[in-house]
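# sequence isn't available, so here's the structure alone:
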């Protein structure tokens, strides 16, 4: 699926992801990129609802060929901008149902969903839809936070810090098949990681990535993933605020942008069935630094899929 030329893109004045064709009902597609303008689950800085619009604008600068992977991503894949999920901004439960239904529709059409949030609470309905189609998932979660909280702190059991508690307890993620990368935020108590470790999850801090190196970390992740259906969940606060300032809950000491890109790229060959990119808050960004990284990470995910479909 070719990108529109720069001239075509400028002429019609629309802003689809990566200058791709836009269709909410593509007859055939390898992948569909969906925006989810929803941030009613945040506990700190709101604004992620605007990320799908801004990421479309910035992604227009991306070309089709990935030199590091040696693949023409949009030459090999048929990819569409599927528009935004029409969420209910004042009703989180209804929004989750709408997200799950829209993603299930994309999956039913034979396409891989790439979902641009929005806050991290949107990941749960996406994973549920994928589990219903593919069975238990392997998940690589890039994040500063474990996101296995419950409702005790905020009085709500479905905010952006809870999706992986639900995904593990509901059997959406296979035991031993969750890798959490970039973890470093402070905890409320010393046993906060006990829940995720109860499911034999792999917890890797940003310091682990620096000390062990990307190749070793990537190898450890791939051992968990194997050939299971893989979902990548990328919270941009996994990356250090020096490289990604425009996020809802920044935490110092994170991954570098190069480490983040290489770790996603290292998943080439895995059975990728979906990806999300969440927690970009454009109003806290400057010079599109975070948005540029987000567009590149989304492109890396598409390149992983393209290499699987040689």
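Perfect, I can see it now. These numbers were taken from a predicted model, which means no experiment stands behind them.

# which stretches of this structure form helices?
All helices of the chain, identified by DSSP state H, fall at 6-12, 51-59, 73-76, 92-108, 123-134, 163-169, 194-198, 206-212, 214-225, 257-265, 289-308.

# per-stretch mean pLDDT over those helices, give me the minimum one.
Mean pLDDT is lowest for helix 6-12 among the helices of the chain, at a mean of 73.

# contacts for that one, please.
Applying Cβ atoms under 8 Å, 6 or more residues apart in numbering, the contact partners of helix 6-12 are 19, 60. Where you see a C-beta, it was placed from the backbone N, CA and C, and this is true even at glycine.

# starting at the chain centroid, how far to it?
28 Å (Cα atoms, centre = their mean, to the nearest Å).

# before we move on, the earlier item: reformat the helices of the chain as JSON lines; add mean neighbour count.
Converted to JSON lines, the helices of the chain look like this (neighbours: other Cβ atoms under 10 Å):
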{"stretch": "helix 6-12", "mean neighbour count": "11"}
{"stretch": "helix 51-59", "mean neighbour count": "23"}
{"stretch": "helix 73-76", "mean neighbour count": "20"}
{"stretch": "helix 92-108", "mean neighbour count": "19"}
{"stretch": "helix 123-134", "mean neighbour count": "22"}
{"stretch": "helix 163-169", "mean neighbour count": "23"}
{"stretch": "helix 194-198", "mean neighbour count": "15"}
{"stretch": "helix 206-212", "mean neighbour count": "16"}
{"stretch": "helix 214-225", "mean neighbour count": "17"}
{"stretch": "helix 257-265", "mean neighbour count": "21"}
{"stretch": "helix 289-308", "mean neighbour count": "23"}
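
# quick one: closest of the ones you listed to residue 250.
With Cβ to Cβ as the criterion, residue 250 lies closest to helix 289-308 of the helices of the chain, at 9.8 Å.

# and the angle from the closest one to helix 257-265?
Taking axes from the mean of the first three to the mean of the last three Cα atoms, to 10 degrees, one finds helix 289-308 and helix 257-265 inclined to each other by 30 degrees.

# got the angle between helix 289-308 and helix 51-59?
Inter-element angle recorded for helix 289-308 and helix 51-59: 80 degrees (by the same axes, to 10 degrees).

# related to what we said a few turns ago, which of the helices of the chain sits closest to residue 29?
Checking those against residue 29 by Cβ to Cβ gives helix 92-108 as the closest, at 8.1 Å.

# list the contacts of residue 210.
With the criterion set at Cβ under 8 Å, 6+ apart, residue 210 makes contact with residue 259.

# correct me if wrong: residue 280 contacts residue 236.
Yes. The pair formed by residue 280 and residue 236 meets the contact definition of Cβ atoms under 8 Å, at 5.3 Å.

# these two: who's more crowded?
For residue 280 versus residue 236, neighbours defined as other Cβ atoms under 10 Å are more numerous around residue 236 (34 against 30).

# quickly list what's touching both of residue 280 and residue 236.
Counting by Cβ under 8 Å, 6+ apart, the contacts common to residue 280 and residue 236 are 246, 247, 290, 294.

# export these to TSV and tack on distance to residue 90?
TSV is the format used below for the shared contacts of residue 280 and residue 236 (distance: Cβ to Cβ, whole Å):
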residue	distance to residue 90
246	25
247	24
290	27
294	26
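
# now, the most widely separated pair of the residues you listed?
Between all members of the shared contacts of residue 280 and residue 236, the longest pairwise span (Cβ to Cβ) is found for 247 and 294 and amounts to 9.7 Å.

# what residues are shared contacts of these two?
With Cβ under 8 Å, 6+ apart applied, the overlap between the contact sets of residue 247 and residue 294 consists of 236, 280.

# got the contact list for residue 50?
37, 281, 282, 283.

# as a markdown table, those residues with pLDDT would be great.
Supplementary listing: the contacts of residue 50 in a markdown table, determined by pLDDT from 0 to 100:
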| residue | pLDDT |
| --- | --- |
| 37 | 96 |
| 281 | 98 |
| 282 | 97 |
| 283 | 97 |
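
# counting neighbours, what do you get for residue 175?
Under the neighbour criterion other Cβ under 10 Å, residue 175 is assigned a count of 12.

# please apply the same query to residue 91.
Under the criterion other Cβ under 10 Å, the count of neighbours that residue 91 has is 12.

# what pLDDT does it get?
The model reports residue 91 with a pLDDT of 88.

# quick thing: my sequence starts at 19, can you match it?
Noted, 19 is the first residue going forward, which turns the last one into residue 109.

# just give me the residue right at the centre of the chain.
Taking Cα atoms, centre = their mean, the centroid of the chain lies closest to residue 294, which sits 2.3 Å from it.

# that residue pairs with what?
Beta bridges link residue 294 to residue 133, residue 251, judged by DSSP bridges.

# tell me the contacts of it?
When contacts are counted by Cβ under 8 Å, 6+ apart, residue 294 touches 132, 133, 134, 135, 140, 141, 144, 249, 250, 251, 252.
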